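[1] Kindly return the folded structure for what I paste below:
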Amino acid sequence: MNIKKLGVGLMCVALGVLEVSAAPKKGKVAAPLAPLTATGEKLQVQYAAMLETVKAEIVQALPKVEEQKKAALLKALAAEKAAVDDLHVQKQALAENRSAVGLLKHHEAWLAKATKELAEAKATGTPEAVAKIQANYEQALQAVKNAQEKVEKAKLEEPPLVKNVEAAEAALAQARAATQKAFRELGLEPFLASDKWDGKLARFEVLAGATPRGLAEFAEQGKEQEALVEQLLADEALMKQMVAGDGAAGGKYGQAMQIYTAIQKASPKAKDGVLQRLAVAVSLEHAGKLAAEANAPARVDPVKRYLGFEQAYLAGELDAGFKDLDVWELRMVVDGDEPPEINAWGREMLRNYRPDHVSTRDYRWRYVKAVKTDVKYGSAEQKNDLPTLHPYQNIINTGGVCGRRAFFGRFILRSFGIPTVARPQTGHAALAHWTPNGWVINLGAGWGAGKGIKQYPTDLAFLAMTQARANEQTYLRVQRAQWIGDVLGETRAYELFGKNAATGFWNLVALCEQRQIIDEAKAKTLEAVGQDIAEANESKEKDVEETVEVTEADKKIDVAANGVITIPAVACSLSTNAGTVVFMKSNLGGLQMHYNRLGPATTFTYTFDAPQAGKYVLSARVVTVSPNQNVLVTVNEAKEPVVLNLPYTIGKWQKSESVEISLVAGKNVLKFDRPAERRGLTIKEFTLAPVN
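    Model (predicted):
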């Protein structure tokens, strides 16, 4: 960060000079605005006057900060920036030194291959071929020797390089502490902690974000729309809630108020608690879509979006953490492209098919583990996508590469009320999502390896914001400084250093306040999970095992008075397990069995007594998420198995077709096998009905 640049920013703030926006980029010329009606012009003047009035009131109320203290903060920031740069240089030098080991391994692999090729050439090749391969072998041998020398040299150079890194880290910690000390000495914390000016700040944010013309364009449509704007501008608590939740998409506050009012009319439960916050979140997030896509048939109706989640919440279908989410977090639950009925399908499918993913204590993988277990990596089968299915139903059926898997992961998280965002990185799509312990990355590299998220220029800036935002009331101290920066025309910034570093004084204050909140909370950064399956099927990560005890009652085989035999799926013995077969609690009551699509093939066997010999029809109660499945049934060690075809249930419970088999009176054994190429299968029970 350039201290002179910071100084110019401070001077602009001190003089009340607004930053001038950059000239428009060359290219497509924006369409001219449609003229306002006479009513619209009058309203625009009215809203502009309101904006100027509230702006003047806020500027007049701002605390005076001594220029000497501002300069001290700038000096501390410049010193910290220098320490950041030095640490980067020292780490880079250490990394380059350690790269010698990797280069040696690369050359050793080359030498091993060349040695093998030389031996094969000497056994079968011509002298010319041997000579050519001999030259390659000698080059590899020399490369290994050179690399070994570099490794030995690197070993000698490493200790001082490590010390340099440690010294740079200590210097940065000291510089960082000096910055925070200079920030505290500004004396602004009592002002930032007070909510006295929140109403006026919120009104400014609404008027400035929507723009007087934008509000006039909405209000001139009719008395109802004009009344909605007046109602919003008179409701300080609602305006504060909206701007604290990052404001209406596209600045469309009129449309947001329209949606919010419609939700309030549609549901009396939308007035309090999490459902009121949900109503605000839907309103803010869908406001831009309502304005841009008013006639688009594919647009998700925002009221239906709200009602879908309200119904799921009241039915106890959403995650337990949903009830405590704030408006900003809820926006990342309701922003999906799927209609409410597909959210409902996602919840039903997972509760039926893999209820263990719903109940797992490991929040990092809760719900989203379905990607790990059931969304096959690869694009070869996408040609089999069915036009009758929603894209998310097709993804769990036919699989996909990074993008489709991350899309499905975000969809299933949203369905259960978990906030989630896309976390792109170079050449790969990953996701990040909320947990009670902080945000975590799935299916990609850790924090710092990704690109920007939403308006945040880097994923680390987004992470820092989430850590400070863990306490919504405390985070208002950061937002108040940001809002004041907006009043004074500063460019909103989310990083102290970097290409998009803050230059305006109040944005610097906001970021220092944010950092202080994070430090005081001792926030911890969660490590990414699922990186090794980002572009693969099988993971080497150790899962959190949650075994279910299978009691004798769970395994009890029932024989009804009419001779129908019901065999619980968990009443089996296994040839091997190794995680292929999992027992879990069932939403139907009792237990159920899941046969994973991954892992070694397993034979599962049932031994039971039949009341009488004869013909029986065998069927199974199953859940599948992909078609063309079956099991092979061998009855009492018969020479050939019987094929039991299974329905494509698309995540619902369904009874399979029946096959006829013969049983003997007394003890019988049914052995089930699955083909090597298989997909996941959930079984509740088998039924054997005598043929009359």
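[2] in the chain, what spans have low per-residue confidence?
    Scanning the chain with the threshold set as pLDDT under 70 gives 1-30, 290-298, 545, 577-578.
[3] 50 - rerun?
    By pLDDT under 50, the low-scoring segments of the chain are 1-26, 293-297.
[4] And Arg492, how far from Val54?
    Distance, Arg492 to Val54, by CB to CB, to the nearest Å: 19 Å. To be clear about C-beta, it is placed using only N, CA and C from the backbone, and glycine gets the same treatment.
[5] Of those two, give the one with the bigger neighbour count.
    Between Arg492 and Val54, counted using other CB atoms under 10 Å, Val54 has the larger neighbour count: 22 against 14.
[6] Isn't the more buried one up against Lys200?
    Yes: counting by CB atoms under 8 Å, Lys200 is a contact partner of Val54 at 5.2 Å.
[7] show me the contacts for Asn136.
    By CB atoms under 8 Å, 6 or more residues apart in numbering, the contact set of Asn136 is Ala114, Glu117, Leu118.
[8] go with 6 Å
    Ala114 (CB atoms under 6 Å, 6 or more residues apart in numbering).
[9] pretty sure Ile484 is in a helix, no?
    Yes: counting by DSSP: H, G, I helix; E, B strand; the rest coil, Ile484 is found in a helix.
[10] Need the three-state assignment for the nearest residue to it once chain neighbours are set aside.
    In space, and not counting its chain neighbours, Ile484 is closest to Trp506: 4.7 Å by CB to CB, 6 or more residues apart in numbering. Look at Trp506: counting by three-state DSSP, its state is helix.
[11] how close does Trp506 sit to Val529?
    For Trp506, the distance to Val529 - CB to CB - is 37 Å.
[12] same question, Ala131
    52 Å.
[13] residues near Pro690, how many?
    Pro690 has 17 neighbouring residues, counting by other CB under 10 Å.
[14] coming back round to it: right, and the residue nearest to Ile484 touches Asp486 too?
    No: between Trp506 and Asp486 there is no contact under CB atoms under 6 Å: 8.5 Å.
[15] could you list every residue that touches the residue nearest to Ile484?
    Ala481, Ile484, Gly485, Glu490.
[16] one more time with 10 Å, if that's ok
    9, 13, 62, 188, 192, 480-488, 490 (CB atoms under 10 Å, 6 or more residues apart in numbering).
[17] Any quick ChimeraX command for the buried ones out of these?
    This is how ChimeraX selects the buried members of these, with burial counted by 16 or more other CB atoms under 10 Å:
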select :9,13,188,192,480,481,482,483,484,485,486,487,488,490
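[18] any idea which of the contacts of Trp506 is closest to Ile453?
    Gln482 (17.4 Å; CB to CB).
[19] Work out for me the element the nearest residue to that closest one once chain neighbours are set aside sits within.
    Using CB to CB, 6+ apart and skipping the chain neighbours, the partner closest in space to Gln482 is Ala510 (4.8 Å). Using DSSP states H and E, Ala510 falls within helix 505-521.
[20] Only the buried residues of that helix, if you could.
    505-518.
[21] what do you get for stretch 537-550?
    Buried-residue list, stretch 537-550, by 16+ other CB under 10 Å: Ser539.
[22] Let me know whether Ile683 touches Arg621 as I believe.
    Yes: the criterion here is CB atoms under 10 Å, and Ile683 meets it with Arg621 at 7.0 Å.
[23] all helices for the stretch 1-150 of the chain, in order.
    3-15, 38-61, 67-124, 127-184 (DSSP state H, counting those that start in this stretch).
[24] Of all those, which one is nearest Tyr475?
    Closest among those, once you apply CB to CB, is helix 127-184, at 16.5 Å.
[25] now that closest one, how far from the centre of its chain.
    The chain centroid and the centroid of helix 127-184 are separated by 35 Å under CA atoms, centre = their mean, to the nearest Å.
[26] what's the answer for stretch 506-516, then?
    With CA atoms, centre = their mean, you get 26 Å for stretch 506-516.
[27] swap in stretch 124-144?
    Distance, centroid of stretch 124-144 to centroid of chain: 51 Å (CA atoms, centre = their mean).
[28] Kindly report the same for stretch 443-462.
    Taking CA atoms, centre = their mean, the mean C-alpha location of stretch 443-462 is offset from the chain mean by 11 Å.
[29] List the residues that contact the nearest residue in space to Phe408 that is not next to it in sequence.
    Leaving aside its sequence neighbours, Phe408 sits nearest to Ile395 (CB to CB, 6+ apart; 4.4 Å). When contacts are counted by CB under 10 Å, 6+ apart, Ile395 touches 371, 374-376, 382, 385, 389, 403-405, 407-409, 411-412, 625.
[30] ok, of these, which one's closest to Gly427?
    Gly403 (11.1 Å).
[31] Can you name the helix or strand that that closest one falls in?
    With DSSP H and E as criterion, Gly403 is part of helix 402-415.
[32] The following helix or strand past that helix vs helix 402-415, what angle?
    Counting by DSSP H and E, the next helix or strand C-terminal to helix 402-415 is strand 420-425. If you take axes from the mean of the first three to the mean of the last three CA atoms, to 10 degrees, strand 420-425 sits at 160 degrees to helix 402-415.
[33] now strand 420-425: how far from the chain's centre is it?
    Worked out by CA atoms, centre = their mean, strand 420-425 lies 6 Å from the chain centre.
[34] before we move on, what about stretch 39-49?
    The answer for stretch 39-49 is 42 Å, by CA atoms, centre = their mean.
[35] Which residues outside that stretch are in contact with it?
    Counting by CB under 10 Å, 6+ apart, 34-37, 206-207, 210-223, 226, 229, 233 sit against stretch 39-49.
[36] tell me the secondary structure for the nearest residue to Asn397 once chain neighbours are set aside?
    Nearest non-adjacent residue to Asn397, counting by CB to CB, 6+ apart: Ser626, 4.6 Å away. Here Ser626 is recorded as coil under three-state DSSP.
[37] check contacts around Ser626.
    Per CB under 10 Å, 6+ apart, neighbours of Ser626: 374, 376, 381, 384, 393-394, 396-399, 597, 648-650, 678-681.
[38] ChimeraX command for the buried members of the residues you listed?
    In ChimeraX syntax, the buried subset of the contacts of Ser626 is picked out as below (16+ other CB under 10 Å):
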select :374,376,393,394,396,397,398,399,597,649,650,678,679,680,681
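[39] Good, wrapping up.
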